[in-house]
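K.L.:
only the shape, not the letters, is given here:
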């Protein structure tokens, strides 16, 4: 298969187009700008729509409009911009619409910085907007995985009629790696039962809506959605387990951080320390079964994140606090080094 | 016996939730008459606002989308850009269009987005119980301007058609009223013109409809009509502010201060 050297942000865009994305609405923000620029160049040739919106708020609502008509639609941004999109994402979820949202994370809170961060984990997995809802969250760790995630995100968003997010970071977005694009045949999902494409006087009118003034009706719509979430939790989790079969210490990391941690795990193994790595590829649903499998022989766990510690909460919940769970992180755009992580492993008694 | 008057086909035959004397019903009706006359119901997608007409998706029999507060022009943009052969309209109130959704309104207009915007100006927030709107007239008493709107404190109203008529992308900006039969006829003609503009691909068309809110104005329906005539029309003069087809770029005298 042909391999090209591509920047993460551009690979995300190319993968989306190949996955059948027919429109992109965005607003400039560092460090995801190359994605929009690539879309501007390619989308028209691909027969789709590229539009630079007046704001992140407008962009996500344009996505809502396009998605309402059954078209594969996408927007991308970075952390502060994702906060602005949160209103629209809640409406998309409440209206049972498929859409793909990309977050190339940077440091926060507020304007924060423009260097890589993973501090939007809570936002993505717990509360991207008001109300009871979830979105699918994928965490790629390489440019190739970004491509694969985008393809999967569009498919699952359509399959489950819900928003899906790629949670990347500035490091992945900006780095170049060889990448190949698989032959993609976007599964055709039948949207004729709900899409607002004009009824041609041949059916009842369709209404895309998230308003239910009767509490029992609203409750039912949410409960039905959560039944779907239960199926997703059973079937859609994905994780990489690396050297976990005999590990004494299980490191947990996602995205770019997981590559740093993998180096540290290899170094630890060279020094006779039985370290392993659990790397979730889906953050929601969180791979509960997989982490329990990975942690079987572990005496303790160490979550390494580019934040003050967010995924670490989910790890404790997933293993029901059955083992000590430690945390090491750098934040504000600082990337942890393999040497720092190895030091933490040693501190936790992994040297024995 | 010959039928000489009936409900437009595209207006669903169910009771609405609007208050007695509210003029939403008139605007719904003339909008649906235009849709019927043009025979476009099956190719039309409407976008509702947040406000009194939030549930209008139940009243219009074309496909409908309910947008977040102020975001209808952005939602309509997403629909129209991906379905350029369909007719797309938004139906929005003054708080939705001229306060929280000002950016979406202005930029849809300046992009020349080929959509129709029906803008209901009744100088008040109706659904939340009568607070100051961006169009509340100086001196007007509302729940949040209990001593009358004082421009020194609360700023001045936004004149939407005047503002949007300055933008190149606007094809039509016309202010109408639904206080009398001649004005209602005029309003319907303006809505027809807006949809014809969309059909011809002329760009953004907005029809601002001066309307009443008897409940939150604290007036009987007929007194509310009188207030529209005596207070609103002098402040918000009726007329065509911009009509690229007719070559009109401002033929209305400014309103009272």
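P.N.:
Perfect, I can see it now. Remember, it's a predicted structure, so these values are computed and weren't measured experimentally.
K.L.:
okay, now the unreliable bits of the chain?
P.N.:
Defaulting to chain A. Residues of chain A meeting the criterion pLDDT under 70: A:187, A:350-352.
K.L.:
think we crossed wires, I meant chain B
P.N.:
B:250-251.
K.L.:
let's see it at 90
P.N.:
Residues of chain B that meet the criterion pLDDT under 90 lie in B:1, B:246-257.
K.L.:
now do the strands in it.
P.N.:
Ranges of strands in chain B, per DSSP state E, are B:44-48, B:63-66, B:87-93, B:116-121, B:170-177, B:204-210, B:239-243.
K.L.:
how about the helices in the chain?
P.N.:
Reading this off chain A. A:8-18, A:33-42, A:56-68, A:79-94, A:121-125, A:143-160, A:170-174, A:215-235, A:255-270, A:288-294, A:311-318, A:338-345 (DSSP state H).
K.L.:
ah, I was thinking of chain B
P.N.:
Using DSSP H, helices in chain B cover B:24-38, B:72-82, B:94-95, B:102-110, B:151-154, B:160-164, B:181-200, B:214-217, B:221-227, B:233-235.
K.L.:
of the ones you listed, which is nearest chain A?
P.N.:
With Cβ to the nearest Cβ, the closest approach to chain A among those belongs to helix B:72-82: 2.5 Å. Backbone N, C-alpha and C define where each C-beta goes, glycine included.
K.L.:
pull the distance from that closest one to the chain's centre.
P.N.:
Distance of helix B:72-82 from its chain centroid, counting by Cα atoms, centre = their mean, to the nearest Å, is 17 Å.
K.L.:
before we move on, what about stretch B:56-67?
P.N.:
15 Å.
K.L.:
residue B:104 touches residue B:73, doesn't it?
P.N.:
Yes. Counting by Cβ atoms under 8 Å, residue B:73 is a contact partner of residue B:104 at 4.3 Å.
K.L.:
between these two, which one's more packed in?
P.N.:
Each of residue B:104 and residue B:73 has its neighbours counted (other Cβ atoms under 10 Å in any protein chain shown); residue B:73 has more, 35 against 31.
K.L.:
may I see the buried residues of stretch B:126-139?
P.N.:
Across stretch B:126-139, burial judged by 16 or more other Cβ atoms under 10 Å in any protein chain shown covers B:126-127, B:130-138.
K.L.:
oops, could you answer that again for stretch A:127-136 instead?
P.N.:
Buried residues in stretch A:127-136 (16+ other Cβ under 10 Å): A:128-129, A:133-136.
K.L.:
ditto for stretch B:180-194
P.N.:
By 16+ other Cβ under 10 Å, the buried positions in stretch B:180-194 come out as B:183-184, B:186-188, B:190-194.
K.L.:
residue A:36 is in contact with residue A:51, correct?
P.N.:
No. If you go by Cβ under 8 Å, residue A:51 and residue A:36 don't touch, sitting 10.1 Å apart.
K.L.:
the two: which is more packed in?
P.N.:
Legend: neighbour count by other Cβ under 10 Å for residue A:51 and residue A:36, higher for residue A:36 (24 against 20).
K.L.:
surely that one meets residue A:24?
P.N.:
Yes. Residue A:36 is within contact range of residue A:24, at 7.2 Å (criterion: Cβ under 8 Å).
K.L.:
what's the overlap in contacts for those two?
P.N.:
A:13, A:50, A:76 (Cβ atoms under 8 Å, 6 or more residues apart in numbering or on different chains).
K.L.:
redo the helices of chain B as JSON lines? Include distance to chain A.
P.N.:
Formatted as JSON lines, the helices of chain B follow (distance: least, Cβ to the nearest Cβ, whole Å):
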{"stretch": "helix B:24-38", "distance to chain A": "12"}
{"stretch": "helix B:72-82", "distance to chain A": "3"}
{"stretch": "helix B:94-95", "distance to chain A": "16"}
{"stretch": "helix B:102-110", "distance to chain A": "4"}
{"stretch": "helix B:151-154", "distance to chain A": "25"}
{"stretch": "helix B:160-164", "distance to chain A": "15"}
{"stretch": "helix B:181-200", "distance to chain A": "13"}
{"stretch": "helix B:214-217", "distance to chain A": "18"}
{"stretch": "helix B:221-227", "distance to chain A": "25"}
{"stretch": "helix B:233-235", "distance to chain A": "29"}
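K.L.:
show me which residues of the stretch 201-350 of chain A sit near chain B.
P.N.:
A:201-202, A:205-211 (Cβ under 8 Å from any Cβ of the partner chain).
K.L.:
please repeat the previous calculation with a cut-off of 7 Å.
P.N.:
A:201, A:205-211 (Cβ under 7 Å from any Cβ of the partner chain).
K.L.:
now the residue most central in space within chain B: closest residue in space, sequence neighbours ignored.
P.N.:
The centroid of chain B falls nearest to residue B:119 when counting by Cα atoms, centre = their mean (1.7 Å). Nearest residue to residue B:119, sequence neighbours excluded (Cβ to Cβ, 6 or more residues apart in numbering or on different chains): residue B:208, at 4.5 Å.
K.L.:
measure the one you found to chain A for me?
P.N.:
21 Å (Cβ to the nearest Cβ, to the nearest Å).
K.L.:
and that residue, what is it in contact with?
P.N.:
B:119, B:121, B:160-161, B:175 (Cβ atoms under 7 Å, 6 or more residues apart in numbering or on different chains).
K.L.:
any quick PyMOL command for the buried ones out of those residues?
P.N.:
To isolate in PyMOL the members of the contacts of residue B:208 that are buried, counting by 16+ other Cβ under 10 Å, one can use:
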select buried, chain B and resi 119+121+160+161+175
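K.L.:
much appreciated, bye for now.
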